[in-house]
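Student: Give the three-dimensional model of this entry:
(2 chains)
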Amino acid sequence: MTNEQIMSWLERIADVLHENAQYLTQLDSPIGDADHGINMDRGFTAIRAKFLDMATMDIASRLKTVGMTLVSTVGGASGPLYGTAFLRAATAASGKQELAPADLVAMLDAFLGGIVARGKAQPGEKTMVDALTPAVSSAKEALAQGKDTAEITARAAAAAEEGMKATIPMQATKGRASYLGERSIGHQDPGATSSWLIVRSLSEACTSTPRP
Amino acid sequence: MKKLINKPEMAVKEAMAGMAAAHPDLIRVDLEQQIIVRKDAPVRGKVGVISGGGSGHEPMHGGFVGMGMLDAACPGAVFTSPVPDQMLAATQAVDGGVGVLHIVKNYTGDVLNFEMAAELAAANGVQVESVVTNDDVAVQDSLYTAGRRGVGVTVLLEKIVGGFAETKAPLEKVAELARRVNSQGRSMGMALISCTVPTAGKPTFELGDDEMEIGIGIHGEPGRRRVKLAPADDITEMLAMPIIEDLGLKSGENVLAMVNGMGGTPLIELYIVYNALNRILQGKRISIARSLVGSYITSLEMAGCSITLVRLDDELTRYWDAPVHTPALRWGV
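Tutor: This next block holds a predicted model:
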């Protein structure tokens, strides 16, 4: 994955979160407080404003800028969680001019690691972790099978989508949804949904040619 | 959506500017850093006390900034935790040289952001202690949730702790008192009508004409159960009994009782609830030594109320009675 494709990834995330702000907010209403989409959009709009500055940065610096901006602008639980995820991803990509398949998987693993370290959720608690854990497992498996970046990320995105849908019957034991107990069952988790969108954007960036 | 706002995204900043203009003798506001600070901060030799949280709960916390209560407040976007940058700026603004206390309500977002802020403050050499409020009895305290939410006791704790901090008590003692107040307080709330987050444009949940939500939080999130509407006396019992049980209140004890409006309920109704609460506590020979009735920790225009009881002793009573001068609470001056 090239530095250009990293930029493409970030641009796609900004676009898709903006397009889906109302949808994510709607998901956040029955089991949250109706602000996930708005908050994520605010964070990535702030990042979009830094794209010009980021043009001359390397991969790690771009990811670090994203992480710090998310911490400073998103608020809620998502800010520290995604912020730490991107910061850890930045550390994993440190010094690299481009990401070979193994580097990309390591970066994804660090991304998930950041969320787990900050939020301490395990799979099955109806959170972002439920989309990201299968995404990372799939990516590792695909890497072990010698697949290329496009295939690795495509499988990760498919696994993330499945993981996101799997949150529907789960009872939340983390975050605001957990206060609802059994009433959280039957609703798709908004955090898992934004996580899927982020991973799908990664797959799109790795599959198409870079934007001019 | 019918609200008294201009652009939804500007609501928080405009409200902060309005507060600063309305209370220039008490507070100053930094719109860039998004913090509300006591006019004479930092007060040298006094522990700085800060809190913060999503906007939409006014007067909490900005309305509680001033002598005898908070030194600074960090308002986030509506119902969204503020970011570490705000807490760091607030910490630095109130640092009187003897440390700063962070009062954190137990919501994942608040806890994570304040955690990151405390890490940053420590890196900058400021001594910070954090106290988490988790008084909500509606959430079962178990391994299977994010823990009990911090609700009504937060207001009462900010007053009592603020009063104690004015005596120039050291940081560890101030933190200890804060933890004690939290452990002696319990709350429960209910809603008749949901609220509407300005940027969402529609109510967070829908309640039928004959329904009410028991065990709500303060962010418009649905509560534990939805039941048929009942008279105020019955509602008061539904809220008060779990509190009394959980706190183990016994005959002969003294409490501070707060009947709090969620923002959309008129005072006449809050006093009807207080009347019922008074009768319930009298029946159990629990004495209400101090009371507070009004909208102090709200959820925008949510119609509903919450009850908080704090078990009082001489020390807590003394600091509750101590002078306070903030936009929302003022006595003794």
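
Student: Which positions in chain B make contact with chain A?
Tutor: Listed as neighbours of chain A in chain B under the rule Cβ under 8 Å from any Cβ of the partner chain: B:54, B:76-85, B:107-109, B:112-113, B:115-116, B:138-140, B:143-146, B:149, B:197, B:199-200, B:204-205, B:215, B:217, B:219-224. From N, CA and C alone the C-beta is placed, and that goes for glycine too.

Student: Please report phi then psi for B:Ser291.
Tutor: As for B:Ser291, its main-chain torsions (degrees, to the nearest 10) stand at phi -140, psi 160.

Student: Do you have the strands of the stretch 101-250 of chain B handy? List them.
Tutor: B:128-133, B:185-193, B:211-214, B:225-228 (DSSP state E, counting those that start in this stretch).

Student: Give the buried residues for the longest one.
Tutor: Within strand B:185-193, the residues scored as buried using 16 or more other Cβ atoms under 10 Å in any protein chain shown are B:Gly185, B:Arg186, B:Ser187, B:Met188, B:Gly189, B:Met190, B:Ala191, B:Leu192, B:Ile193.

Student: What is the helix or strand of chain A with the lowest mean pLDDT packed up against?
Tutor: Ranked by mean pLDDT, DSSP states H and E, the weakest helix or strand in chain A is helix A:21-27, scoring a mean of 90. In terms of contact count using 3 or more Cβ pairs under 8 Å, 6 or more residues apart in numbering or on different chains; DSSP states H and E, helix A:21-27 is assigned the packing partners helix A:36-48, helix A:190-207.

Student: thought B:Gln86 was touching B:Val37?
Tutor: No. Counting by Cβ atoms under 8 Å, B:Val37 is not a contact partner of B:Gln86; they are 11.2 Å apart.

Student: Not counting its neighbours along the chain, what's nearest the residue in chain A sticking out farthest from the centre?
Tutor: When distances to the mean C-alpha position of chain A are computed (Cα atoms, centre = their mean), the maximum falls on A:Glu182, with 26.6 Å. Nearest-residue entry for A:Glu182: A:Gln171, 6.0 Å, with adjacent residues in sequence omitted and distances by Cβ to Cβ, 6 or more residues apart in numbering or on different chains.

Student: Backbone dihedrals for the one you found, both of them.
Tutor: Per-residue torsions, A:Gln171: phi -100, psi 130 (degrees, to the nearest 10).

Student: From A:Val116, how far out is it?
Tutor: 20 Å (Cβ to Cβ, to the nearest Å).

Student: again, but for B:Ile243
Tutor: When Cβ to Cβ is applied, the distance between B:Ile243 and A:Val116 equals 36 Å.

Student: ok, now B:Trp331?
Tutor: For B:Trp331, the distance to A:Val116 under the criterion Cβ to Cβ works out to 48 Å.

Student: ditto for B:Ala15
Tutor: 37 Å.

Student: Also B:Val132?
Tutor: Applying Cβ to Cβ to B:Val132 and A:Val116 gives a distance of 21 Å.

Student: now B:Gly163
Tutor: Where A:Val116 is concerned, B:Gly163 sits at a distance of 41 Å (Cβ to Cβ).

Student: picking that back up, ok, B:Ile243 and A:Val116, which is more surrounded?
Tutor: When B:Ile243 and A:Val116 are compared for neighbours, B:Ile243 comes out ahead with 25 against 20, by other Cβ atoms under 10 Å in any protein chain shown.

Student: where does the chain have low pLDDT?
Tutor: Assuming you mean chain A. Counting by pLDDT under 70, chain A shows low-confidence ranges at A:209-212.

Student: Hmm, no, I was thinking of chain B.
Tutor: B:140-143, B:222, B:224.

Student: At which residues are the helices of it located?
Tutor: In chain B, the helices defined using DSSP state H lie at B:11-22, B:84-94, B:108-123, B:153-165, B:171-183, B:232-247, B:267-283, B:314-321.

Student: Could you dump those into TSV with distance to A:Ala157 added?
Tutor: TSV is the format used below for the helices of chain B (distance: least, Cβ to Cβ, whole Å):
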stretch	distance to A:Ala157
helix B:11-22	36
helix B:84-94	31
helix B:108-123	26
helix B:153-165	42
helix B:171-183	44
helix B:232-247	46
helix B:267-283	52
helix B:314-321	55
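
Student: Would you list the phi and psi of B:His57?
Tutor: Main-chain dihedrals, B:His57, degrees, to the nearest 10: phi -110, psi 10.

Student: count of neighbours near it?
Tutor: A count of nearby residues for B:His57, using other Cβ under 10 Å, gives 27.

Student: Buried residues, stretch B:125-137. List them.
Tutor: For stretch B:125-137, the buried set under the neighbour-count rule, 16+ other Cβ under 10 Å, comprises B:Val126, B:Gln127, B:Val128, B:Glu129, B:Ser130, B:Val131, B:Val132, B:Thr133, B:Asn134, B:Asp135, B:Asp136, B:Val137.

Student: Regarding that stretch, how distant is the last residue from the first?
Tutor: The distance separating the two terminal residues of stretch B:125-137, taken as Cα to Cα, to the nearest Å, comes to 37 Å.

Student: In space, what's closest to A:Arg62 - neighbours in sequence excluded?
Tutor: A:Met54 (5.1 Å).

Student: Enumerate every residue touching that neighbour.
Tutor: A:Met7, A:Leu10, A:Ser61, A:Arg62, A:Thr65 (Cβ atoms under 8 Å, 6 or more residues apart in numbering or on different chains).

Student: Surely the second one is in contact with A:Arg62?
Tutor: Read it as A:Leu10. Yes. Checked against Cβ under 8 Å, the pair A:Leu10 and A:Arg62 is within contact range at 6.8 Å.

Student: which one of the helices of chain B is the most hemmed in?
Tutor: For those, ranked by mean neighbour count under the definition mean count of other Cβ atoms under 10 Å in any protein chain shown, the leader is helix B:153-165 at a mean of 27.

Student: Kindly export it (C-alpha atoms) in CSV.
Tutor: Below are the C-alpha coordinates for helix B:153-165, written out as CSV (Å, rounded to 0.1, in the frame of the first residue of the first chain):
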residue,chain,number,x,y,z
VAL,B,153,-25.1,13.2,43.1
THR,B,154,-22.6,15.0,40.8
VAL,B,155,-24.3,18.3,41.5
LEU,B,156,-24.5,17.8,45.2
LEU,B,157,-20.9,16.6,45.3
GLU,B,158,-19.6,19.6,43.3
LYS,B,159,-21.2,21.9,45.9
ILE,B,160,-20.0,20.0,49.0
VAL,B,161,-16.5,19.4,47.6
GLY,B,162,-16.3,23.0,46.4
GLY,B,163,-17.1,24.2,49.9
PHE,B,164,-14.4,22.1,51.4
ALA,B,165,-11.8,23.1,48.8
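
Student: what's the angle from it to helix B:171-183?
Tutor: Regarding helix B:153-165 and helix B:171-183, their directions subtend 150 degrees when assessed with axes from the mean of the first three to the mean of the last three Cα atoms, to 10 degrees.

Student: quick one: helix B:153-165 to chain centroid distance?
Tutor: Here the centre of helix B:153-165 is set off from its chain's centre by 10 Å, with Cα atoms, centre = their mean, to the nearest Å.
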